[in-house]
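Chemist: show me the folded form of this:
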Amino acid sequence: MLDIKFVRENPKIVKENIKKKFQDQKLPMVDEAIELDRLNRAAITEASDLRAQRNKYSKANGPLFGKLRKASEEEKAAIQAQIDANMAVVKANDDRLAELEVLEKEYAEKLHRIMLTIPNIIDPSVPIGPDDSANVEVERFGEPVVPDYPIPYHTDIMESFSGVDMDAAGRVSGNGFYYLMGDIARLHSAVLAYARDFMIGKGFIYCIPPFMIHGNVVEGVMSQTDMDAMMYKIEGEDLYLIGTSEHSMIGKFINQAIPESALPQTLTSYSPCFRKEKGAHGLEERGVYRIHQFEKQEMIVVCKPEDSMAWYEKMWRFSVELFRSMEIPVRQLECCSGDLADLKVKSCDIEAWSPRQQKYFEVCSCSNLGDAQARRLKITVKGDDGSTYLPHTLNNTVVAPPRMLIAFLENHLQADGSVTIPEVLWPYMGGTKVLTPKK
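Modeler: Residues are numbered from 1 along each chain as shown. Coordinates of the predicted model:
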C-alpha cells in the first residue's frame, strides 16, 4: 500500500505505474483517492477548529455564570442572553462535529479500501509485460537433461513405490488432497528437514508459526483479490487458514516498533499450507502439483529499506543453491509488471527442470514488497538517531513439497525405475542412497 502523501504529490507517477501493470481500470482510483483525502483532511481541519471554538465559548460561560449570581435583576437578562448565545454556538458546533465524525469515518474507510487496491510502485528493473508470457529468463543453473528412456507421470512414479494414494484421499477429503506413503512420505519429510537445516546454516532463525491468522493480518499481507481466491476462512470466527507461513511470520511484527539495532529480522519457518486453488488446470498441474494442502519451508526478511535489494538477491540465490545441492537443474525467471501481485516491488520465480515436460516449472517465488506490508500492518523501526521509519519486507520459498518432489523424482529417476538420493539427503533418509520400486 502506498503512502497517501506520495499519491497526492505524485499522481502522474502512480498512474504511469498502473499503466505499466496493465490495470487501466484502476486509473480513476488515483483521482478518487486524492479527492477523498482532500475531503477527509478538510473535515479533520474543520472539526479541529470547531472543537477549539467550542472550548472557547464553553470557557467563556464560566465567568458569566459567576457574574449572573452576583448581578442585579437589570443586569441578569443581558448576562443570560450572552450565556444562551454561547451555548447556542456550542450546541451548533456539537451538531456539526457529530456530522463531521461520521464523514471522517466514511472518507477514511473509502480511502483505505481504494489505497488497498492501488498497486505498489514497481522497481525500474522490472520488465514490462501484461502477463506471465512476458516473464524473462535471466540465468540457468545446471544442465537440463532429457534421458533416453521415458519419464512417467509423477503420480505413476510415486505409485511404483506404493507412495501415493489419491483415491483414498478423495474418499476422505475430496479432490486436491493426497496420502503420501512409505519411501515417498519419508523423502518428503527428508527434503523439509534438510531445507530447515540449510536455512539455519544461512543464519536464519527457525520458526514454527501459527497456522491460523486474523483477518487484519490477512489484509495486511496480501491483496483482497488474492485473499478471496486463496484463503479458507474458519466459519464463525475471525480466523483464516494460512496459505503460506510468510503471512504469519510477517504478521508476528504487527503494530510493533522494532529497534534498528535488531534489524535485519531473518526467519525461516515450517508450516502446512491451505489454498483453494480455484480454476481449471491442465494434465501436468493435476496429481500433487496443484492441491489444497501441502507443507513448505519459507523464509522472510524484515530489513532497512536500503538493504532490501541486496537481501532479494541473496534470497533467490539461496533457493538455487538448495536445489542444485539436490542435483536439480533450475533457472531464474524475472516476473514482468503484469505478473506482479499489487503489493510487490520486484519478484522472480525459481523454476525446476522437468525431463518429462522438457521445460521448467515454478518451485519457488522470491518477492520484495518494499514498505507496503509494513505500512498496512503498522510495523515501524525506531532508528538509532531517534527517527521512525517503515522497514522493507521480503519473502521466498525455501522448498514446497510435494510439488518439489515432482522435479526431484523426474530428475533422479533411473531407467530401471529406481530413484537415486543425492548425498545431502542421506542423513535424513537413514543412509538410504537409492529407492527401489515396489511395483
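Chemist: which ones are touching Ile350?
Modeler: By Cβ atoms under 8 Å, 6 or more residues apart in numbering, the contact list for Ile350 reads 316, 319-320, 323, 330-333, 362-366, 397. For the C-beta atoms, the positions are set from N, CA and C on the backbone; glycine is no exception.
Chemist: next secondary structure element downstream of the helix or strand where it lies?
Modeler: Ile350 is located in strand 346-354, with elements delineated by DSSP states H and E. Going down the chain from strand 346-354, the next helix or strand is strand 359-368, by DSSP H and E.
Chemist: for that following strand, buried residues please.
Modeler: Using 16 or more other Cβ atoms under 10 Å as the test for burial, strand 359-368 gives Tyr360, Phe361, Val363, Cys364, Ser365, Cys366, Ser367, Asn368.
Chemist: for the helix or strand that comes right after it, what is the average pLDDT?
Modeler: Counting by DSSP H and E, the next helix or strand C-terminal to strand 359-368 is helix 372-377. In this model, helix 372-377 has a mean pLDDT of 96.
Chemist: for helix 372-377, which helices and strands make contact with it?
Modeler: Helix 372-377 sits against helix 215-221, helix 245-251, strand 392-399, with contacts defined as 3 or more Cβ pairs under 8 Å, 6 or more residues apart in numbering; DSSP states H and E.
Chemist: what's in contact with the least confident helix or strand in the chain by mean pLDDT?
Modeler: Lowest by mean pLDDT, DSSP states H and E among the helices and strands of the chain is helix 224-230, with a mean of 74. Residues from elsewhere that reach helix 224-230 (Cβ under 8 Å, 6+ apart): 116-117, 218-219, 222, 240, 243, 275-278, 341-342.
Chemist: among these, which ones are in helices?
Modeler: Using DSSP state H, the subset of the contacts of helix 224-230 located in helices is Leu116, Thr117, Val218, Glu219.
Chemist: which of these sit farthest apart?
Modeler: Using Cβ to Cβ, the ones in helices among the contacts of helix 224-230 reach their maximum pairwise distance at Thr117 and Val218, which is 15.4 Å.
Chemist: neighbour count winner among the two?
Modeler: The neighbour count for Thr117 versus Val218, taken as other Cβ atoms under 10 Å, is higher for Val218 (22 against 16).
Chemist: how close does that one get to Leu2?
Modeler: Separation of Val218 from Leu2 (Cβ to Cβ, to the nearest Å): 19 Å.
Chemist: what's the answer for Asp95, then?
Modeler: Asp95 is 36 Å from Leu2, by Cβ to Cβ.
Chemist: equivalent analysis for Lys314, please.
Modeler: Counting by Cβ to Cβ, the gap from Lys314 to Leu2 is 26 Å.
Chemist: chain center to stretch 38-49, what's the gap?
Modeler: 33 Å (Cα atoms, centre = their mean, to the nearest Å).
Chemist: quick check: mean pLDDT of it?
Modeler: 90.
Chemist: before we move on, what about stretch 332-347?
Modeler: Stretch 332-347 comes out at a mean pLDDT of 96.
Chemist: centre of the chain to that stretch, how far?
Modeler: 13 Å.
Chemist: sorry, back to before: looking at Lys314 and Leu2, which one has more neighbours?
Modeler: Leu2 (21 against 16).
Chemist: contacts only, for the nearest residue to that one once chain neighbours are set aside.
Modeler: Spatial nearest neighbour of Leu2, excluding adjacent residues (Cβ to Cβ, 6 or more residues apart in numbering): Ile118 at 6.0 Å. Neighbouring residues of Ile118 by Cβ under 8 Å, 6+ apart: Met1, Leu2, Val7, Val14, Ile18, Lys26, Met29, Val30, Ala33, Asp342.
Chemist: would you turn those into TSV with secondary structure?
Modeler: Formatted as TSV, the contacts of Ile118 follow (DSSP: H, G, I helix; E, B strand; the rest coil):
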residue	secondary structure
Met1	coil
Leu2	coil
Val7	helix
Val14	helix
Ile18	helix
Lys26	helix
Met29	helix
Val30	helix
Ala33	helix
Asp342	coil
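Chemist: I'd like the distance between Val320 and Phe361.
Modeler: 15 Å.
Chemist: swap that for Asp165, please
Modeler: Relative to Phe361, and taking Cβ to Cβ, Asp165 is found at 24 Å.
Chemist: wait, Thr380 sits on Tyr389?
Modeler: Yes - Thr380 lies in contact with Tyr389 (Cβ atoms under 8 Å); the separation is 6.9 Å.
Chemist: of the two, which one has the most company?
Modeler: Set Thr380 next to Tyr389 and count neighbours by other Cβ under 10 Å: Thr380 wins out with 18 against 13.
Chemist: what residues are up against the more buried one?
Modeler: Thr380 neighbours (Cβ under 8 Å, 6+ apart): Gln256, Ala257, Ile258, Ala374, Thr388, Tyr389, Leu390, Pro391.
Chemist: let's go with 10 Å and repeat that
Modeler: Counting by Cβ atoms under 10 Å, 6 or more residues apart in numbering, Thr380 touches Phe253, Asn255, Gln256, Ala257, Ile258, Asp371, Ala374, Thr388, Tyr389, Leu390, Pro391.
Chemist: show me these that map onto strands.
Modeler: Ala257, Ile258, Thr388, Tyr389 (DSSP state E).
Chemist: the third one and Ala42, how far apart?
Modeler: Between Thr388 and Ala42 the distance, using Cβ to Cβ, works out to 27 Å.
Chemist: same check, this time on the second one
Modeler: Counting by Cβ to Cβ, the gap between Ile258 and Ala42 amounts to 35 Å.
Chemist: what do you get for the last one?
Modeler: For Tyr389, the distance to Ala42 under the criterion Cβ to Cβ works out to 28 Å.
Chemist: cool, and Tyr289?
Modeler: 53 Å.
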